[in-house]
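Colleague: Any chance you could fold what I've pasted below:
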Amino acid sequence: MASILRFRKLCYVEPVSKPSLGFESSNKTTCLREDKGSSVVVVDNDPSCVDVVSLTKEIQTDKKRRRRKEAREWRCVDSCCWMIGCLCTTWWLLLVLYHSMPINMTLPGYQFVESPGTKLKKEGLTAFHPVVLIPGIVTGGLELWEGRPCAEGLFRKRLWGGSFSELFKRPLCWLEHMSLDNKTGLDPLDIRVRAVPGLVAADYFAPGYFVWAVIIENLARIGYEEKNMHMAAYDWRLSFQNTEVRDQSLSRLKSKIELMFVNNGYKKVVVVPHSMGVTYFLHFMKWVEAPPPMGGGGGLGWCAKHIKSIMNIGPTFLGVPKVATSLLSAESKDIALARAMAPGIFDSDILGLQTLEHMIRVARTWDSMVSLLPKGGETIWGNLDWSPEEGFICDQAKKNYFQSSTHNVSQRTNSSDGKLGFRIEEPVHYGRMISFGKETSQLPSSVLQPFNSKGHEHVNHKSSCGEVWTEYDEMSRESLRAIADKKAYTAKSVIDLIRYVAPKMMHRAEGHFSYGIADNVDDPKYSHYKYWSNPLETKLPDAPDLEIYCLYGVGIPTERSYVYKMSTFDKCKSIPFRIDSSADGSDNGCLKGGVYFVDGDESVPVVSAGFMCAKGWRGKNRFNPSGSTTYVREYQHKPPANFFEGRGVQSGAHVDIMGNVALIEDVMRVAAGATGVELGGDKIHSDILSMAERINLPL
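Modeller: The predicted structure is shown next:
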């Protein structure tokens, strides 16, 4: 067989003429050759054939080299893979280096920061008051106790918190089990998802991303452990009262505080809630003293007997504006930016992912989201022409100059028509929490048309497009356009807007929450639990020795108001509104990507976090009849100076502040027995006092 192939190869060798290869002779000589590996065998004895064969060999070598070069041509995907590989390798090398360094080693330009626990232990501080930690929304882990067939093998596995592996393996099944019943706000049929118990419930949100872990570790350094430190985990999706109805979470918290009080020598408890956990504990204080069956039956002196201090971290007392946009279009600043940069991820008809539709459908089953809507209406947040933040300047350099130039200028209140005597730019109408169009956010209020929901009725039918169903599918396109036609919504009217576009959610949730201001907090109607988490519709307990702290970060642009537009596509079963990410202000303005920013901790504006401690509860008044002492402790945000400093050491961000050294030290000193006076009283960096004075709230 080999001989036949060799003979066939020899027969089909084409003659090579010398002139074609550059030789002068006109005689044609046939040079037969045979490849054997890398060698060439000359068949003809003509000496010129040697040159021809050598040249042929060089040509073949050059062709091989060219083919090899073409195969190695660099592509875009190769560049991406190479860059990702370099980043990952660098990250792991730095991580190994960081963990292999001696703990007391310092590098050039880096000063080692001693942990608060180590520092205070050297000062002689030890565990004194029992400590109760209360997580906020989202940060607590949830695990599966009963599920449908698609969740086979997930018994007591985390569906929320941890690795989120099930989100990627079976996303629709995961969404089904994270949702609550749209009518009751409790468990759907055949599904039971419960809060993870113990300190591990909220120490880390995901691997490497701490929440309470740093505070727990530092408290442990001065003697705290599970006998005198407790994580009051609860299902953060539920309304506050439903955590008691379904899980008896409030009763268990009451029993745990009473047990820790007795077992630790009758020392009062220091409570440390974070974010939504702040309003959850506010609800608890009214519940625990209220008579059964609605309350816990502890009596009017329970809080005064058992609680020493409440150290509210990142408090959301008066709500969070970006929750309104989450319920309206499932967006916030980051999602709107990602949607503008990569619309195929959220809006693609081809992929059919409908990510935002899934998000809004699930979020509207969580009553906890509704608990965070802005409270206090136009009195607190401003109207179409006024807001407590007016005059705020986003550019820090201009802000310093402006403050030094106008420190003697009288401040305007919401009951006055006066104006600041000097401005660099026209004021921003922050009171217009949602404006449809950039022009609408700046027009005179006299030309804006109010929205009347009574003139637009829902279609009240369920279409069959085969896609994700939301409450928008029960609305006519005419009514949706009427919502957006030169309309601007304040904190008061935005509640009406959400009530109109999500009536089923609001009908359920408004049985548990309220957003107004009480004319008379002694009115018997305010004894209902729907008012207990609103500090403007309830009274603090009769506890004159109680200390209340508002601990929060400042110095970070925080979402306050939004510019919206109608969606550019009109497919069936889609969200009809979106943040207009193309709306921008001046280079130093506060409007970026369709969002107006103010001072805050990236999630909660200063007015929501600090007003109650700065004015609403300051001294004896109708909301604080016993005169409990309040303190404002702000932490100026400073990003990490380098990789080795780690996350949150001087951060003021809403979650990262849990690693802030100064905040942890304040918490530890109070837990060890210090008072607010011994901490130094108020520590203020923002304009919260000026904002509070502009808010005309009768006290």
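Colleague: lowest-pLDDT helix or strand in the chain?
Modeller: helix 396-405 (a mean of 42; mean pLDDT, DSSP states H and E).
Colleague: And the very next helix or strand once past that one, what does it pack against?
Modeller: Heading C-terminal from helix 396-405, the first helix or strand you meet, by DSSP states H and E, is strand 434-436. Using 3 or more CB pairs under 8 Å, 6 or more residues apart in numbering; DSSP states H and E, the elements in contact with strand 434-436 are helix 321-329, strand 488-489, strand 556-566. Heads up, the C-betas are built off the backbone N, CA and C, glycines and all.
Colleague: gap between strand 434-436 and the chain center?
Modeller: Remark: strand 434-436 is offset 22 Å from the chain centroid, using CA atoms, centre = their mean, to the nearest Å.
Colleague: for it, what is the average pLDDT?
Modeller: The average pLDDT within strand 434-436 is 95.
Colleague: Mean neighbour count, the helices and strands packed on strand 434-436: which tops it?
Modeller: With neighbours taken as mean count of other CB atoms under 10 Å, the helices and strands packed on strand 434-436 reach their highest mean count in strand 488-489, at a mean of 27.
Colleague: could you give the mean pLDDT of that strand?
Modeller: 96.
Colleague: Skipping adjacent residues, who's closest to the most centrally placed residue in the chain in space?
Modeller: Centroid check for the chain by CA atoms, centre = their mean gives residue 603 as the closest residue, at 7.1 Å. Spatial nearest neighbour of residue 603, chain neighbours left out: residue 654 (3.9 Å); criterion: CB to CB, 6 or more residues apart in numbering.
Colleague: how many other residues sit next to that neighbour?
Modeller: 24 (other CB atoms under 10 Å).
Colleague: Let's verify it: helix, strand, or coil?
Modeller: With DSSP: H, G, I helix; E, B strand; the rest coil as the basis, residue 654 sits in coil.
Colleague: that older thread, quick check: the residue nearest to the centre of the chain vs residue 365, distance?
Modeller: Residue 603 sits 22 Å away from residue 365, taking CB to CB, to the nearest Å as the criterion.
Colleague: Residue 562 too?
Modeller: From residue 562 across to residue 365, the span is 23 Å (CB to CB).
Colleague: Same question for residue 224.
Modeller: In terms of CB to CB, residue 224 sits 37 Å off from residue 365.
Colleague: So for these two, which residue has more residues nearby?
Modeller: A direct count of neighbours by other CB under 10 Å for residue 224 and residue 365 places residue 224 higher, at 24 against 21.
Colleague: The more buried one and residue 131 touch, don't they?
Modeller: Yes: using CB atoms under 8 Å, residue 224 is in contact with residue 131, at 6.4 Å.
Colleague: which residues do the two both contact?
Modeller: residue 671 (CB atoms under 8 Å, 6 or more residues apart in numbering).
Colleague: which residue packs closest to residue 318, ignoring adjacent ones?
Modeller: Nearest one to residue 318, counting by CB to CB, 6+ apart, is residue 608 at 4.1 Å.
Colleague: is it true that that neighbour touches residue 319?
Modeller: Yes: the pair residue 608 and residue 319 passes the contact test of CB under 8 Å, sitting 6.0 Å apart.
Colleague: Please identify every residue contacting each of the two.
Modeller: Contacts common to residue 608 and residue 319, judged by CB under 8 Å, 6+ apart, are residue 374.
Colleague: Which one's more surrounded, these two?
Modeller: residue 608 (28 against 24).
Colleague: element containing that one?
Modeller: When elements are defined using DSSP H and E, residue 608 is found to belong to helix 606-611.
Colleague: If you count neighbours, what's buried in stretch 282-292?
Modeller: Judged by neighbour count (16 or more other CB atoms under 10 Å), stretch 282-292 contains these buried residues: 282-290.
Colleague: and which of those residues is nearest to residue 660?
Modeller: residue 282 (23.1 Å; CB to CB).
Colleague: Tell me who's in contact with the closest one.
Modeller: Counted by CB under 8 Å, 6+ apart, residue 282 has contacts 317, 532-533, 535, 538.
Colleague: Most widely separated two among those?
Modeller: Going by CB to CB, the pair spanning the contacts of residue 282 furthest: 317 and 532, at 12.9 Å.
Colleague: Please produce TSV containing the helices and strands packed on strand 434-436, extended by distance to residue 614.
Modeller: Shown next, in TSV, are the helices and strands packed on strand 434-436 (distance: least, CB to CB, whole Å):
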stretch	distance to residue 614
helix 321-329	19
strand 488-489	27
strand 556-566	17
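Colleague: Which of those sits closest to residue 210?
Modeller: Nearest to residue 210 among the helices and strands packed on strand 434-436 is strand 556-566 (18.7 Å), distances taken as CB to CB.
Colleague: That closest one - what's its average pLDDT?
Modeller: 94.
Colleague: How far off centre is it?
Modeller: Distance of strand 556-566 from its chain centroid, counting by CA atoms, centre = their mean, is 15 Å.
Colleague: Extract the C-alpha trace of it and format it as CSV.
Modeller: Only the C-alpha atoms of strand 556-566 are listed here, as CSV (Å, rounded to 0.1, in the frame of the first residue of the first chain):
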residue,chain,number,x,y,z
ILE,A,556,-21.4,60.3,50.0
PRO,A,557,-23.7,61.4,47.2
THR,A,558,-27.1,59.8,48.1
GLU,A,559,-30.2,59.4,45.9
ARG,A,560,-32.9,61.9,46.7
SER,A,561,-35.0,62.7,43.6
TYR,A,562,-35.4,61.2,40.1
VAL,A,563,-36.1,62.2,36.5
TYR,A,564,-38.3,59.6,34.8
LYS,A,565,-39.5,59.0,31.2
MET,A,566,-41.8,56.6,29.5
